[in-house]
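J.: what shape does this take:
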Amino acid sequence: MKKICPLIGDECLEHGCQWYTHIIGKNPQSGEDVDNFGCAMTFMPMLLIENAQQARQTGAAVESFRNTMAKQNDQMLQLTKQGIV
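T.: Numbering: from 1, shown residues only. A predicted model of the protein is given here:
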């Protein structure tokens with residue numbers, strides 16, 4: 001089956017194209033190993049999903065850190081009010 005390039009509307013040039021790339025990693029939806037050559041344009045949905053997952057994980061880590069710091073600040077404030085520090 002002939003692959004049509006979404007950019008030029010003609011047959012895919014594969015390794016002769018700057019957009020043809022090698023992706024290695026895990027599929028963010030299925031967890032399956034990925035080791036494929038293909039057009040960067042066709043990989044965009046998968047990469048956007050992975051990016052969104054990483055952003056959520058970063059947000060969760062920042063929130064956890066914030067909660068820890070807020071708790072420590074409250075404890076320090078209480079100790080300061082009691083004259084211990």
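J.: how about the strands in the protein?
T.: Under the criterion DSSP state E, the chain contains strands at 20-26, 33-39.
J.: mean pLDDT, mean neighbour count and distance to residue 48 added to those strands, as a markdown table?
T.: Bear in mind the C-beta positions are built from the backbone N, C-alpha and C, glycine included. A markdown table is the format used below for the strands of the chain (pLDDT from 0 to 100; neighbours: other Cβ atoms under 10 Å; distance: least, Cβ to Cβ, whole Å):
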| stretch | mean pLDDT | mean neighbour count | distance to residue 48 |
| --- | --- | --- | --- |
| strand 20-26 | 93 | 12 | 13 |
| strand 33-39 | 93 | 13 | 15 |
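J.: tabulate those strands (CSV), appending distance to residue 80.
T.: Listed next are those as CSV, based on distance: least, Cβ to Cβ, whole Å:
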stretch, distance to residue 80
strand 20-26, 48
strand 33-39, 53
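J.: how about residue 7, what does it touch?
T.: Residues near residue 7 by Cβ atoms under 8 Å, 6 or more residues apart in numbering: 19, 41.
J.: distance check, it against residue 20.
T.: Distance, residue 7 to residue 20, by Cβ to Cβ, to the nearest Å: 11 Å.
J.: need the nearest residue in space to residue 27, chain neighbours excluded.
T.: residue 34 (5.2 Å; Cβ to Cβ, 6 or more residues apart in numbering).
J.: wouldn't that neighbour be in contact with residue 24 here?
T.: Yes. Counting by Cβ atoms under 8 Å, residue 34 touches residue 24, with 6.7 Å between them.
J.: which ones are touching the spatially most central residue of the chain?
T.: In the chain, the C-alpha nearest the mean C-alpha coordinate belongs to residue 51, at 2.6 Å (Cα atoms, centre = their mean). Residues in contact with residue 51 (Cβ under 8 Å, 6+ apart): none are found.
J.: output the below-cut-off pLDDT ranges for the chain.
T.: Applying pLDDT under 70 to the chain flags residues 85.
J.: show me where it has helices.
T.: For the chain, the helices defined by DSSP state H cover 40-81.
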